[in-house]
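Enquirer: One predicted model, sequence on top.
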Amino acid sequence: MQPHNPLPPLTLIVATTPIRVSEEVTRLGIGLKGTLPWPRIKTDMSFFARVTSRPPTADKTNAMIMGRKTYDSVPASLRPLAKRTSIIISRDTTGSVQESVRKELEKRKEKLAAKAAEAKAKAPSEVVADPETDAFVVHSLDAAIRELGAREELGKVYVIGGAEIYNASLNMKRDELQGRGLRVVMTNVVRKDGEPFECDTFFPLDKLDEGNGWRTASPTEVSEWVGEEVDGEWKSEGDVEVQMVGFEKI
Ligand SMILES: NC(=O)c1ccc[n+]([C@@H]2O[C@H](COP(=O)([O-])OP(=O)(O)OC[C@H]3O[C@@H](n4cnc5c(N)ncnc54)[C@H](OP(=O)(O)O)[C@@H]3O)[C@@H](O)[C@H]2O)c1
């Protein structure tokens with residue numbers, strides 16, 4: 001009998017901060033005015049970049065599924081993000097989102113090729129080929145998932161936000177997931193002075209516990225998921241502390 005090879009899980013990767021809205025309810029803030037609620041946190045940004053761009057094998061490229069607003073929140077000079085395939089979800093039917101993504105991809109690839117050529121000229125023997133950079137637009141999360149199945153070059157699959165796309169992912173039915181598991185890799189962010197960040201966009205779940213069908217993964221499991229050591233300890237950076245944790249849908 002052929003060994004059963006399950007499809008890679010959908011891993012939601014998100015940075016959240018607790019916002020107490022009442023005695024009983026604490027929500028998880030993720031955004032403010034189209035961007036992140038906090039100034040740049042290097043520890044988290046470099047974790048995100050390493051994890052999402054590290055493919056499971058050298059012949060693969062990881063996929064990142066995102067809403068059009070999250071794509072637009074990436075600085076223009078950095079999008080689409082290098083060494084990954086960006087799958088942008090938009091309802092736009094005029095073709096304008098598709099056209100601007102196509103143009104940005106073309107420009108980005110030209111720049112990355114020039115940089116690679118420069119590195120090769122300097123030290124030919126040290127150059128290791130990077131995963132491909134690609135981007136395309138689809139009209140639904142369902143279409144994004146179907147596209148994953150059609151592209152053999154894709155490795156791990158990350159859902160990188162924002163709230164609308166996290167929500168759609170968390171609401172996918174078992175058959176729509178085609179047997180894929182559902183995981184969350186979360187960076188908890190708190191201010192050292194205990195004050196909350198201002199947020200206008202929230203993760204769709206306030207809690208991920210057994211009560212709503214989730215279990216907390218051990219640091220060893222999270223390390224296996226992301227391909228580097230995650231110890232689950234709080235780390236200090238400037239005015240904030242961050243902690244990386246993981247959850248799996250039961
Ligand atoms: N903390 C974090 O880790 C994190 C991660 C990501 C984002 N964020 C933050 O989250 C905020 C953005 O989140 P958001 O919820 O406002 O936007 P979003 O999910 O990034 O994008 C929303 C857009 O996606 C498209 N879309 C959504 N649902 C769709 C569907 N069912 N079918 C087709 N297209 C669909 C629509 O694009 P069109 O309008 O083009 O039709 C919609 O306007 C920003 O503040 C960002 O910085 C935070």
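Expert: Perfect, I can see it now.
Enquirer: ok, now which ones touch the residue nearest the centre of the chain?
Expert: The centroid of the chain falls nearest to residue 160 when counting by C-alpha atoms, centre = their mean (2.9 Å). Taking C-beta atoms under 8 Å, 6 or more residues apart in numbering as the criterion, residue 160 is in contact with 13, 14, 48, 52, 64, 65, 66, 70. All C-beta atoms are positioned from the backbone trio N, CA, C, and that covers glycine.
Enquirer: Quick check: what element follows the lengthiest helix in the chain along the chain?
Expert: When the chain is parsed with DSSP state H, its longest helix is helix 96-122. The first helix or strand that comes after helix 96-122 along the chain, using DSSP states H and E, is strand 134-138.
Enquirer: Output the below-cut-off pLDDT ranges for this structure.
Expert: Applying pLDDT under 70 to the chain flags residues 1-5.
Enquirer: And the strands in it, which stretches?
Expert: Applying DSSP state E to the chain gives strands spanning 10-20, 26-31, 61-67, 84-89, 134-138, 154-159, 182-191, 201-202, 214-216, 235-237, 240-249.
Enquirer: my read: residue 60 touches residue 148, true?
Expert: No. Using C-beta atoms under 8 Å, residue 60 makes no contact with residue 148, being 11.9 Å away.
Enquirer: list residues touching both of these two?
Expert: Any residue near both residue 60 and residue 148 by C-beta under 8 Å, 6+ apart counts here, and that gives residue 154.
Enquirer: tally of neighbours for residue 8?
Expert: Residues lying near residue 8 (other C-beta atoms under 10 Å) number 18.
Enquirer: was I right about it contacting residue 182?
Expert: No. Judged on C-beta under 8 Å, residue 8 makes no contact with residue 182 at a distance of 11.4 Å.
Enquirer: Residue numbers of this protein in contact with the ligand?
Expert: Applying C-beta under 6 Å from any ligand atom, one finds that the chain approaches the ligand through 14-15, 30-31, 34-36, 67-70, 73, 89-92, 97, 139-140, 160-165, 168, 201.
Enquirer: Filter those down to just the buried residues.
Expert: Burial by neighbour count, 16 or more other C-beta atoms under 10 Å: within the residues of the chain next to the ligand this picks out 14-15, 30-31, 36, 67-70, 73, 89-90, 97, 160-165, 168, 201.
Enquirer: Please work out how many residues are found near residue 54.
Expert: Going by other C-beta under 10 Å, the residues that sit close to residue 54 add up to 16.
Enquirer: quick one: contacts for it?
Expert: By C-beta under 8 Å, 6+ apart, the contact list for residue 54 reads 62, 226, 227, 228.
Enquirer: how about the second one, what does it touch?
Expert: Which is residue 226. Going by C-beta under 8 Å, 6+ apart, residue 226 touches 51, 54, 185.
Enquirer: where's the closest residue to the last one other than its chain neighbours relative to residue 226, distance?
Expert: Using C-beta to C-beta, 6 or more residues apart in numbering and skipping residues adjacent in sequence, the residue nearest residue 185 is residue 13, 4.8 Å away. To residue 226, residue 13 is 9 Å away according to C-beta to C-beta, to the nearest Å.
Enquirer: Report the set of residues contacting both of the two.
Expert: Residues touching both residue 13 and residue 226 by C-beta under 8 Å, 6+ apart: 51, 185.
Enquirer: Tally up the residues packed near residue 125, please.
Expert: Using other C-beta under 10 Å, residue 125 has 5 other residues around it.
Enquirer: For it, give its distance to residue 150.
Expert: Plainly put, residue 125 is 36 Å away from residue 150 if you go by C-beta to C-beta.
Enquirer: same question, residue 170
Expert: As defined by C-beta to C-beta, residue 170 lies at a distance of 24 Å from residue 150.
Enquirer: Tell me which of the two has more neighbours.
Expert: Neighbour comparison, residue 170 and residue 150: the larger count goes to residue 170, with 19 against 7 (by other C-beta under 10 Å).
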